[in-house]
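Student: turn this into a structure:
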Amino acid sequence: MTQATTRGEAADGSAASPVESLIRDLPKVELHVHLEGSLPPETLLELAAKHRVADIPGTLAEIRDWYAFRDFPHFIDVYLTSVRALRDEEDFARLARDVARRLAEQNVRYAEVHVSLYAHLMRGVPAHVVFAGIEEARREAERLHGLQLRWIPDFPGDFGVEAAEQTLDAVLRDGPGSVVGFGVGGIEVDRAPFADVFGRAVAAGLHSLPHAGENGGPERVWSALRDLRAERIGHGIDSMRDPRLVEHLAQTRIPVDVSPTSNVCTGAVATLEEHPLPAMLAAGLLVTLNTDDPPMFGTDLLGEYRAAHRLGLSGADLAGLARNGVSASFLPPEEKRALAAEIDAVLAAWSAGRAD
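Tutor: Next comes the predicted model:
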């Protein structure tokens, strides 16, 4: 499915949906969104011109066409090309500021944001430049919007163990206290070779938050759990191909961060209607709802809640997804309780209004 088709589906009927007010009013968290993948096309154009970056389309229409991904490797190629527009502290601050504003507009209260740190290190951009820029925006977001941002630096697994080690070294040397985890993404390769570096990250107090089971099969999820000591699974939709893994995830309550529109746009799932989100919830998995790379996939978190509703989820189910996000986050317990209570209150008010 092309991105244009996905956009049309995301918009179809949303304004008339009886749950639209609930989707808008629910307090939300976002646990699987990539900072660089959230680069607005308009900002990408300006930064590419500022730094005279070749190979990035020169108009908004061309960028939208560029974002029609043939498959997952093509998406990765576009992603790594687009990050070349980010060069200095001001660029990173601007990007994080844009991300914070868009999240706040959707009533997102807390977000754990993946930062493709190695994609900058390999271009000679120092980690302290990246962190200085995004930290400026993080402090501003909390002051202006009441939005808390936390960071999950990661590396592409297909770049190997050396990339993992360099990324973790940079995090441990320059990372601020707002870094909560360490991740691996990119082309989905074997996770076992990264056991030692993730062991070092966990020993340093970072949470293990790898991508796994997006398109690499259930064994990638098993490996993330076994070898990387994963505390949440990014994507994880291939878990549904292994009943024993589904049972394990349900029993252990290890969260799975799901991004339906992303999975359609990269070809991990053929159509939205075939997405396993409803089956994952029915199997008792602790599923959270996320955007992954929202401008690249023509979506936002409101759009993902609408997509979940089109998959048959009720208003109560959507509120349950919002509560799952809170539960799976690394917010302090008292803040989790307060936010969950607010979600329950919004659902109760919406349900009472429907009854009237």
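
Student: how about stretch 77-94: buried residues?
Tutor: Of the residues in stretch 77-94, those buried by neighbour count under the rule 16 or more other CB atoms under 10 Å are 78-89, 91-94. In this view, the C-beta of every residue, glycine as well, is placed from N, C-alpha and C.

Student: Arg323: helix or strand, and which one exactly?
Tutor: In this assignment (DSSP states H and E), Arg323 forms part of helix 315-328.

Student: tell me the angle of the following helix or strand past that helix relative to helix 315-328?
Tutor: Sequence-wise, the next helix or strand downstream of helix 315-328 (DSSP H and E) is helix 333-355. Counting by axes from the mean of the first three to the mean of the last three CA atoms, to 10 degrees, helix 333-355 points 170 degrees away from the direction of helix 315-328.

Student: can I get the CA coordinates of helix 333-355 in CSV?
Tutor: Output of helix 333-355 as CSV, limited to C-alpha atoms (Å, rounded to 0.1, in the frame of the first residue of the first chain):
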residue,chain,number,x,y,z
PRO,A,333,4.4,5.7,39.9
GLU,A,334,2.5,8.7,41.3
GLU,A,335,2.4,10.4,37.9
LYS,A,336,1.2,7.1,36.3
ARG,A,337,-1.7,6.9,38.8
ALA,A,338,-2.7,10.5,38.2
LEU,A,339,-2.6,10.2,34.4
ALA,A,340,-4.5,6.9,34.5
ALA,A,341,-7.2,8.5,36.7
GLU,A,342,-7.5,11.3,34.2
ILE,A,343,-8.0,8.9,31.3
ASP,A,344,-10.7,7.1,33.3
ALA,A,345,-12.4,10.4,33.9
VAL,A,346,-12.4,11.4,30.3
LEU,A,347,-13.8,8.0,29.3
ALA,A,348,-16.5,8.3,31.9
ALA,A,349,-17.5,11.8,30.8
TRP,A,350,-17.6,10.7,27.1
SER,A,351,-19.6,7.6,27.9
ALA,A,352,-22.1,9.6,30.0
GLY,A,353,-22.5,12.1,27.1
ARG,A,354,-23.1,9.2,24.7
ALA,A,355,-25.8,7.8,27.0
